[in-house]
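Chemist: what follows is a protein structure lacking sequence information:
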């Protein structure tokens, strides 16, 4: 074991501070805290600057890092501030908490002479409550309450659920008692001198007597005074913020999503917080919410982020001691598919209408409308219209609660956002819902257009008490302190015909303490020990819990904690656990974060005598030549002992001694239950020395071994070459000949520092460098270096091979001008890089070429293909390629065949087929005869096959003669049909000028997909 030189450990640090406690006189009060440090600190409790000592009523239970102060039978004199002070060799820390002891009501004194009857005893009633106030920083604030009740109630103020003495910076708060106007009443005024921004909050006045409790609250909002213009116009304005000393953090958010920034700041005086965006102060509005959470953090929430919200956001904290900044750069990732025309902010008058309108890229894209997180369904209130690509929402009969953020959403959660402002008597409405935990304060604010007007607050149609309502200028506040389930409901503020409503929901959190252990038994089978057993509670608690075991000496009233354990079973309590000989009783209870169970007392008592025994014995020590050797052991009780070296007793009365002149020097220490022997700078000739320790009841010994000091590498002996694929875990291990010997890691000659992507560990002789998820750039030459020797590792990180799943064959795509052509390539890995080439040149995205990626599917899209866009395309993924041949035809005519007029001669009852071939299979044609559209019947059939359109006369008649046209758009193919009773002779002069024999063309394979004319997708031919 190597002794540290110059390392003082870590100073005490409080993980959990003691909380203020209020108890009724005569009850039990307990303060708890958790403090860590190295070495473990010594904890002392103080009151009034003086350390406290244990007594019959006062004890200091401790369990590892948890320290407590337990006071039985609390008295009014015990009230005050208690300080927990922790010290060790590295430093000191302290924390404080207040104990309040409430006195029970005193019995009324008898009246010596007849007098008017005193007021009847009753619970406190507020005669005058505090009023909510909106002030500028630096103003004086006075909050007054007058309470009636008999006996006279005791009054105290709270801010945001904390007593004033718990507020971090409350030096400018003063309390002024004052009598009430009625007998048996009381008054208490809170005066805030030079109000600061952190003074904003909810202030509650509590009144309590023997008959009950009452409370009333008020809201205080402290605002920054408006900046005055500079007196000298030539003076340059001072910067609002200091320049940032380091690069800000980066935060990405998808368009339409929320971004939440949290800043936690501490300081004294309490800092004033201000948020900035791009150097300008931010004010709270519909989409930017600024508040403080339950943990004390300052939060900025940007709702439904848009491209215009990107920029630098700064949280600035200031107090009289200085300023600090925290910044983040917000980036908004825009979707590929966007609204052609986004929504615009609109305004409307109350009882009027508001119209929101946007455009989608294609008329077939479905959309949905939302008001914040509530979907709007079509109805008389919300009229929803779709006209081609236009999407329109009309809000009828506008009211104050229609004011807010509205969204239109299409597939892929692509959104466009707009604000709807409703002009009317109410400028700032209530939130749509408010969730409050039971016991917290609920605050509702409304701003009106006119100042000094009186509104009406109601819950579920019933008026609320005036003591919880306040108005000042344009602002109206409703403060409900310490809400209960009865406060839940629909809260409405009405002003004339205008009203705004919120749903107040009170979340009840009720936890019961755990049940007690069962089947507790005591066994006294061994000398000077007692065995205690018990079973877990039934049913078992839902949250983690421990068992606390306490002892009581027979004849005493005090119970003292022995220890805490996590599992039930059997516990052996030796005599070492008691301070003096005597008969002892024991009890056990279950403790969790929700409280403590009743105690279960073990039947009977046990006689115990404290004796010393080994808790942790001596161990052999191996050190290197010239180092210090430390031997230590732990006993069960505090007792003196004697150290021996090779049978010779070492003197402990001197701070530092020597075995003999010029020989080994040593130092003996005892700290509580631990005994230590330090041998200074041991040499090689001391190897094999025997160290012993002796005290009444304990004897132990251990050996000293001296090792050679040079360090060398055990493995690897030669350079190691390793190959990995991306995202694999890389572990490089170097084993040294000495335990816990320092080593450094290098990459390409540069020393490495640990980070989230690079972990350095040392476990005994082994040093490890770990890359949790390797990347290609992690390739290089690594070196583990220590004391002139090194181990080398050559690491190569490659991307895993990529395979193209589809298409496997050459794909031929045929399209016409202005059609949309899509080439699709599927690979076996979503993160695989894919490149597109056209005629040997890499394709870059532009207005005419769109590159899309959806999981493993990669697409090249030509939205409106032109003949020059045709060519040979390749999708390259790793070493594999997919080939596409794209042909774009500039079609000047829909009709491919026939190109001229066709004459058909037939004999009655023969089958006549008129054929027209088009350039595209989905084109629709219209057949006419002598200018009139034909109607399909058994005697006239209309057929469609791929690109061919046919008119069939199964048994032609004389009246079927005439001019037939196959029409599409402005084009047509003409057929002249002549029907006779029989064929004319071939030498007749009336032969037709042209006799056409129509043959069916052989089919050719083409690549068609049933897509709209504007989109065509390539597949394997």
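Modeler: Nice, thanks for sending it over. All values derive from a computational prediction rather than experimental measurement.
Chemist: which parts of stretch 272-279 are buried?
Modeler: For stretch 272-279, a neighbour-count test (16 or more other C-beta atoms under 10 Å) marks 272-277 as buried. Glycine gets a C-beta too; all of them are placed from N, C-alpha and C.
Chemist: ah, wrong one, I meant stretch 542-553
Modeler: Buried residues in stretch 542-553 (16+ other C-beta under 10 Å): 545, 547-553.
Chemist: from those, which single one is nearest residue 641?
Modeler: Nearest to residue 641 among these: residue 551, at 26.6 Å, using C-beta to C-beta.
Chemist: tell me how far the closest one lies from residue 69.
Modeler: Between residue 551 and residue 69 the computed distance is 19 Å (C-beta to C-beta, to the nearest Å).
Chemist: quick one: the strands in the stretch 1-150 of the chain?
Modeler: Assigned by DSSP state E, counting those that start in this stretch, the strands in the stretch 1-150 of the chain fall at 10-16, 21-24, 29-38, 42-47, 50-51, 58-59, 62-63, 66-71, 80-88, 91-102, 122-128, 133-136, 141-150.
Chemist: got those strands as CSV, with distance to residue 668 and mean pLDDT columns?
Modeler: CSV is the format used below for the strands of the stretch 1-150 of the chain (distance: least, C-beta to C-beta, whole Å; pLDDT from 0 to 100):
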stretch, distance to residue 668, mean pLDDT
strand 10-16, 26, 79
strand 21-24, 44, 78
strand 29-38, 23, 86
strand 42-47, 21, 92
strand 50-51, 29, 90
strand 58-59, 33, 92
strand 62-63, 27, 85
strand 66-71, 30, 90
strand 80-88, 21, 88
strand 91-102, 26, 82
strand 122-128, 66, 83
strand 133-136, 67, 88
strand 141-150, 64, 87
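Chemist: give me the beta-bridge partners of residue 573?
Modeler: Taking DSSP bridges, one finds residue 530 as the beta-bridge partners of residue 573.
Chemist: next: residue 70.
Modeler: The partner residues for residue 70, given DSSP bridges, come to residue 30, residue 59.
Chemist: and the most centrally placed residue in the chain, helix, strand or coil?
Modeler: Nearest residue to the geometric centre of the chain (C-alpha atoms, centre = their mean): residue 260, 8.8 Å. Applying DSSP: H, G, I helix; E, B strand; the rest coil to residue 260 yields a three-state assignment of strand.
Chemist: can you check the pLDDT for it?
Modeler: Listed pLDDT for residue 260 reads 90.
Chemist: for the nearest residue to it once chain neighbours are set aside, phi and psi?
Modeler: Closest residue to residue 260 apart from its sequence neighbours, by C-beta to C-beta, 6 or more residues apart in numbering: residue 301 at 4.9 Å. Note on residue 301: its backbone torsions stand at phi -120, psi 120 [degrees, to the nearest 10].
Chemist: okay but residue 301 is in contact with residue 293, surely?
Modeler: No: in this structure, residue 301 is not within contact of residue 293 by C-beta atoms under 8 Å, at 10.4 Å.
Chemist: give me the more crowded residue out of these two.
Modeler: Shown here are residue 301 and residue 293; by other C-beta atoms under 10 Å, residue 301 has more neighbours (15 against 10).
Chemist: next, the contact list for the more buried one, please.
Modeler: The contact partners of residue 301, taken as C-beta atoms under 8 Å, 6 or more residues apart in numbering, are 258-261, 288-291.
Chemist: and which of those residues is nearest residue 717?
Modeler: Closest to residue 717, out of all of the contacts of residue 301 and judged by C-beta to C-beta, is residue 261, at 52.7 Å.
Chemist: so that closest one bridges to which residues?
Modeler: Assigned bridge partners for residue 261, using DSSP bridges, are residue 300.
Chemist: against residue 295, how distant is it?
Modeler: Taken as C-beta to C-beta, the span from residue 261 to residue 295 is 15 Å.
Chemist: and what of residue 95?
Modeler: Distance from residue 95 to residue 295, counting by C-beta to C-beta: 18 Å.
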